[in-house]
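Trainee: starting from these lines, generate the structure:
(chains A and B)
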Amino acid sequence: MSSTTGSLPTTAPILFEDYLALGIYVGIALFLVAILLLLSWGLGHRTRSRIKNEPYESGVYPTDNARLKGPVPFYLVAIFFILFDIEVIFVASWAVAYDRLGWAGFGQVSFFTLVLLVGLLHLWKTGALDWGPSAARQNRKNQDIP
Amino acid sequence: MEILFFYLVAFVTLVSGLLVIRCQSPVNSALALVNTFFCLAVFYVMLHAPFMAAIQIMVYAGAIMVLILFVIMLLNLGTESRQRYTRGVVWSSIASLLMLIVATVTIKTGQVTGAEGEITAHTVKSVGHTELIGRTMFTEFLLPFEIASILLLVAIVGAVVLAKKEV
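Mentor: The predicted model follows:
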């Protein structure tokens, strides 16, 4: 580093020791899990046969490919999860500094939340959060039945 | 001690990154990718950026990974994914070799330390990392922040329009 930094420390002098305890904790947790898994693997009883390795034990024979196509609504929910997850991060960055930002910051984050609330209402109204067949198809089905 | 820890985490990152591209099963690759994301979060913590580490775990290891797993489920990868693409190996080796040379030259000759900005490590320590991010985002970068909300709204509507044609 250049000499212009003066007396200010160029890196915060805390940190590594602070996180060392967390690291040791994680290490102990991983060690315990590894020991338990190894013990059950080493001491456990193992039987290997063709019947034992079948997915269902009680005589249900698997017929088709196990990799089925997932329904699209699951994927939609995953996308909405990402979007609202990002919203949570923005709101959290406001929440930690709310006292410094004052009412102006509150108004700004309210606008942000309102825009996303409009999005949520749109999802609700279009039925993107509904499971099963859409309302239009259900109406068609109801007309077919009688 | 800290440098040893860095090398340990870097080694784990590289190994899991290799596993991402070498695993036969796509789900195993995805799990290795989760491990890579966690290692990157550890790097953020070591760079004194705990908020970035939290975002890395929440958004990437959480949400993005869910999306990747759903893509694996939806695409229904079968036997065709087992074929290795051998034609591009030569070109990709040349490209990665050139990339390695560029990176080495840049690190050897460049000034990677950067200039001292307005916010020093001292300010970060006294005010707090996340508070600084929040304060800057709601004062200096207010317009991009509000544009981000509109962008998220467009993404919500776009996802519905793309996926909900006829279910």
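Trainee: how about the helices in chain B?
Mentor: B:2-22, B:26-46, B:50-55, B:65-75, B:89-109, B:121-127, B:129-139, B:142-163 (DSSP state H).
Trainee: which stretches of chain A have low pLDDT?
Mentor: Chain A contains residues with pLDDT under 70 at A:1-16, A:57, A:66-70, A:132-146.
Trainee: switch to 80 and redo it
Mentor: Across chain A, the ranges flagged by pLDDT under 80 are A:1-20, A:46-75, A:127-146.
Trainee: sorry, back to before: quick one: closest of the helices of chain B to residue A:123.
Mentor: helix B:142-163 (6.4 Å; Cβ to Cβ). C-beta here means a position set from N, CA and C on the backbone, and glycine is covered the same way.
Trainee: quick one: contacts of that closest one?
Mentor: Helix B:142-163 has contacts (Cβ atoms under 8 Å, 6 or more residues apart in numbering or on different chains) with A:72-73, A:75-76, A:79-80, A:83, A:86-87, A:90, A:108, A:111-112, A:115-116, A:118-120, A:122-123, A:126, A:128, B:137-138.
Trainee: report the mean per-residue pLDDT for that helix.
Mentor: Across helix B:142-163, pLDDT averages out at 86.
Trainee: what's the ChimeraX line that selects buried ones from the contacts of helix B:142-163?
Mentor: In ChimeraX, this line selects whichever of the contacts of helix B:142-163 come out buried by 16 or more other Cβ atoms under 10 Å in any protein chain shown:
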select /A:73,75,76,79,80,83,86,87,90,108,112,115,116,119,120,123,128 /B:137,138
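Trainee: neighbours of the nearest residue to residue A:111 once chain neighbours are set aside, how many?
Mentor: Taking Cβ to Cβ, 6 or more residues apart in numbering or on different chains, and ignoring the residues beside it in sequence, residue A:111 has residue B:146 as its nearest neighbour in space, at 6.3 Å. Using other Cβ atoms under 10 Å in any protein chain shown, residue B:146 is surrounded by 15 other residues.
Trainee: same question for residue A:101.
Mentor: Residues near residue A:101, counting by other Cβ under 10 Å, number 20.
Trainee: just to revisit the earlier point, just so I know, which of the helices of chain B lies nearest residue A:55?
Mentor: Nearest of the helices of chain B (Cβ to Cβ): helix B:26-46, 16.3 Å.
Trainee: for that closest one, packing partners?
Mentor: On a contact count with 3 or more Cβ pairs under 8 Å, 6 or more residues apart in numbering or on different chains; DSSP states H and E, helix B:26-46 meets helix B:2-22, helix B:50-55, helix B:65-75.
Trainee: TSV please, covering those and showing mean neighbour count.
Mentor: Formatted as TSV, those follow (neighbours: other Cβ atoms under 10 Å in any protein chain shown):
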stretch	mean neighbour count
helix B:2-22	13
helix B:50-55	18
helix B:65-75	17
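Trainee: make CSV out of the ones you listed and add mean pLDDT.
Mentor: Formatted as CSV, the helices and strands packed on helix B:26-46 follow (pLDDT from 0 to 100):
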stretch, mean pLDDT
helix B:2-22, 90
helix B:50-55, 88
helix B:65-75, 82
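Trainee: in a markdown table: the ones you listed, plus distance to chain A.
Mentor: Shown next, in a markdown table, are the helices and strands packed on helix B:26-46 (distance: least, Cβ to the nearest Cβ, whole Å):
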| stretch | distance to chain A |
| --- | --- |
| helix B:2-22 | 5 |
| helix B:50-55 | 6 |
| helix B:65-75 | 4 |
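Trainee: how about JSON lines for the ones you listed, with distance to residue B:158 added?
Mentor: Listed next are the helices and strands packed on helix B:26-46 as JSON lines, based on distance: least, Cβ to Cβ, whole Å:
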{"stretch": "helix B:2-22", "distance to residue B:158": "28"}
{"stretch": "helix B:50-55", "distance to residue B:158": "23"}
{"stretch": "helix B:65-75", "distance to residue B:158": "15"}
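Trainee: tell me the contacts of the closest residue to residue B:12 other than its chain neighbours?
Mentor: By the measure of Cβ to Cβ, 6+ apart, the closest residue to residue B:12 outside its immediate chain neighbours is residue B:39, 5.4 Å from it. Listed by Cβ under 8 Å, 6+ apart, the contact partners of residue B:39 are B:9-10, B:12-13, B:16.
Trainee: redo that, cut-off 6 Å
Mentor: Under the criterion of Cβ atoms under 6 Å, 6 or more residues apart in numbering or on different chains, the neighbours of residue B:39 are B:9, B:12-13.
Trainee: for residue A:127, grab the count of nearby residues.
Mentor: For residue A:127, the neighbour count with other Cβ under 10 Å is 14.
Trainee: quick check: it vs residue B:93, distance?
Mentor: 51 Å (Cβ to Cβ, to the nearest Å).
Trainee: same question for residue B:145.
Mentor: Counting by Cβ to Cβ, the gap from residue B:145 to residue B:93 is 43 Å.
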